[in-house]
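Asker: With the sequence up front, the predicted model follows.
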2 protein chains.
Amino acid sequence: MTPRRISRDQVLDVTWELATRKGLQAVTMRAVAQELDVNPMTLYRHVGDKQGLLDGLVERLLLEIEVPGPGLDWRGQLRLLAHSMRATARRHPDLFLLLFQRPAVTPEAVGPRNAVYGALRAAGLQEERIPRAERLLSTFMLGFAASEAGGRFRDGDPDEDMAYAERLVVRLLAAV
Amino acid sequence: MTPRRISRDQVLDVTWELATRKGLQAVTMRAVAQELDVNPMTLYRHVGDKQGLLDGLVERLLLEIEVPGPGLDWRGQLRLLAHSMRATARRHPDLFLLLFQRPAVTPEAVGPRNAVYGALRAAGLQEERIPRAERLLSTFMLGFAASEAGGRFRDGDPDEDMAYAERLVVRLLAAV
DNA sequence: ACCTGAACACCGTTCAAGT
DNA sequence: ACCTGAACACCGTTCAAGT
């Protein structure tokens, strides 16, 4: 019974580091294995396959999004959430797109989602309306952050656009 | 001066067909070349490289989005636009994500953008406010369509969510 | 002018074997 | 139980050569 030399966490550590340093296209099974000084086939025991490796990366990405603590009003909470989603997207533009390709209800996704729930609740939204409002608001934030990070925006100032969007959201929530 | 055997358009025709039939992962220089019964290196003269091939695919994708003709009020125009963006995303989920990775101001993108411009104008929005409103609205529609097609939504009914979003947009525009 | 062939430096993954 | 080596079936792209 030889002790396992590497763990899934170690694999994801070096994968995340590699993706951050050299971009998603540099993330290959072979490159990750080399970083760990291990045979490529060794990874399969720990992450399943390439898709499993990417899934692990998306977990980390969601954990990377900063979530508001206490001491902010609902407007400040939403502002911080938008800000940290945009910052995360800018740091990992390619990886960020993968968020569209998997359910928003994984265990790692509860942090951001609960944060939006909390803000909407604090804004006085009826409990039964919160899930839908969260889906719509998160979808907009995700699209905005992905657009900005991916280079879709060429006209306009993203900061000004986001400030304007914030006013619209506040207007809609105030009408409750 | 031998006549050229293939054109960029022909290359994109079979690439689009291949992507539609077997998905984006099946789009390789070699597979496209084989479909045309030509040497892989031949493609380089017509599309530059793999990235150029993908750029061509995104052109086609934007052209695929149905744009409202006359005879609809602004609300109907926006509804049709949202509907056809979602339909396009569902047909080409992987390809659709590439829209986030390039400027929204390419020649092929003017169709959809002008359509949104027209609807916002018909809704009575001040001319100077239209570009920003278009960016925000298109960003939401894009994020929604990408989420739906990519499988991010697991809770909720996308049709109901979109109908609700439509009411919010109408409310915001009515306040003008 | 346009197309080809061979070659280079990679991929993800299977399968049988090692310890 | 965990890791390895060799092999398979691919990639995109360069470069020199063909017609």
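Answerer: Yes, it's here. Numbers count the residues shown, from 1 in each chain, chains lettered A, B, ... in the order given.
Asker: Secondary structure element holding the closest residue to chain B within chain A?
Answerer: Per CB to the nearest CB, A:Gly143 is where chain A lies closest to chain B, at 2.2 Å. Backbone N, C-alpha and C define where each C-beta goes, glycine included. According to DSSP states H and E, A:Gly143 maps onto helix A:130-150.
Asker: what's the angle between whichever helix or strand comes after that helix and helix A:130-150?
Answerer: Where DSSP H and E defines the elements, the next helix or strand beyond helix A:130-150 is helix A:158-174. On the basis of axes from the mean of the first three to the mean of the last three CA atoms, to 10 degrees, helix A:158-174 is oriented at 170 degrees to helix A:130-150.
Asker: now the residue nearest the centre of chain A: how far from DNA strand D?
Answerer: Note on chain A: the residue nearest the mean C-alpha position is A:Leu62, at 3.7 Å, using CA atoms, centre = their mean. Here A:Leu62 is placed at a distance of 26 Å from DNA strand D (CB to the nearest atom of the strand, to the nearest Å).
Asker: Next, that residue: secondary structure please.
Answerer: Here A:Leu62 is recorded as helix under DSSP: H, G, I helix; E, B strand; the rest coil.
Asker: any idea how far B:Gly111 is from it?
Answerer: Separation of A:Leu62 from B:Gly111 (CB to CB, to the nearest Å): 35 Å.
Asker: Could you report the neighbour count for the residue of chain A closest to chain B?
Answerer: Residues within reach of A:Gly143, counting by other CB atoms under 10 Å in any protein chain shown, total 24.
Asker: and the nearest residue to it once chain neighbours are set aside, what does it touch?
Answerer: When the adjacent residues along the chain are set aside, A:Gly143 lies closest to B:Gly143, with 2.2 Å between them (CB to CB, 6 or more residues apart in numbering or on different chains). By CB atoms under 8 Å, 6 or more residues apart in numbering or on different chains, B:Gly143 lies in contact with A:Phe100, A:Thr139, A:Phe140, A:Leu142, A:Gly143, A:Phe144, A:Ala146.
Asker: Please check these and keep the buried ones.
Answerer: A:Phe100, A:Thr139, A:Phe140, A:Leu142, A:Gly143, A:Phe144, A:Ala146 (16 or more other CB atoms under 10 Å in any protein chain shown).
Asker: show me the residues around the closest residue to the first one other than its chain neighbours that make contact.
Answerer: Leaving aside its sequence neighbours, A:Phe100 sits nearest to B:Gly150 (CB to CB, 6+ apart; 3.9 Å). With CB under 8 Å, 6+ apart as the criterion, the residues that contact B:Gly150 are A:Phe100, A:Gln101, A:Arg102, B:Pro93, B:Phe96, B:Leu97.
Asker: do the same with A:Arg90
Answerer: With CB under 8 Å, 6+ apart, A:Arg90 has these contacts: A:Ala145, A:Glu148, A:Ala149.
Asker: ok, so what distance separates it from A:Ala109?
Answerer: 20 Å.
Asker: got it, and A:Arg167?
Answerer: Distance of A:Arg167 to A:Ala109, given as CB to CB: 27 Å.
Asker: next one: A:Tyr44
Answerer: 26 Å.
Asker: Who has more neighbours out of these two?
Answerer: A:Ala109 (20 against 15).
Asker: Verify the contact between the more buried one and A:Glu59 for me.
Answerer: No. Using CB atoms under 8 Å, A:Ala109 is not in contact with A:Glu59, being 9.1 Å away.
Asker: Next up, phi/psi of A:Ile6, please.
Answerer: Taking degrees, to the nearest 10, you get phi -130, psi 160 for the backbone angles of A:Ile6.
Asker: tell me, how many neighbours does it end up with?
Answerer: 17.
Asker: how about it, what does it touch?
Answerer: Applying CB under 8 Å, 6+ apart, the residues contacting A:Ile6 are A:Leu36, A:Val38, A:Thr42, A:His46.
Asker: Around chain B, pick out the residues from chain A.
Answerer: A:93, A:97, A:99-105, A:131-132, A:135-136, A:139-140, A:142-144, A:146-147, A:150-156, A:160-161, A:164-165, A:168, A:171-172, A:175 (CB under 8 Å from any CB of the partner chain).
Asker: of those residues, buried ones?
Answerer: Among the residues of chain A next to chain B, those buried by neighbour count (16+ other CB under 10 Å) are A:93, A:97, A:99-102, A:104, A:132, A:135-136, A:139-140, A:142-144, A:146-147, A:150, A:152-153, A:161, A:164-165, A:168, A:172.
Asker: Domain map for chain A?
Answerer: Following automatic domain parsing, one finds the domains of chain A at A:8-48, A:68-175.
Asker: If you rank the contacts of A:Arg90 by neighbours, which is first?
Answerer: Ranking the contacts of A:Arg90 using other CB under 10 Å puts A:Ala145 first, with 28 neighbours.
Asker: That one reaches A:Thr88, doesn't it?
Answerer: Yes. Here A:Ala145 reaches A:Thr88: they are 7.4 Å apart, a contact under CB under 8 Å.
Asker: So for those two, which residues contact both of them?
Answerer: Common contact partners of A:Ala145 and A:Thr88 (CB under 8 Å, 6+ apart): A:Phe96.
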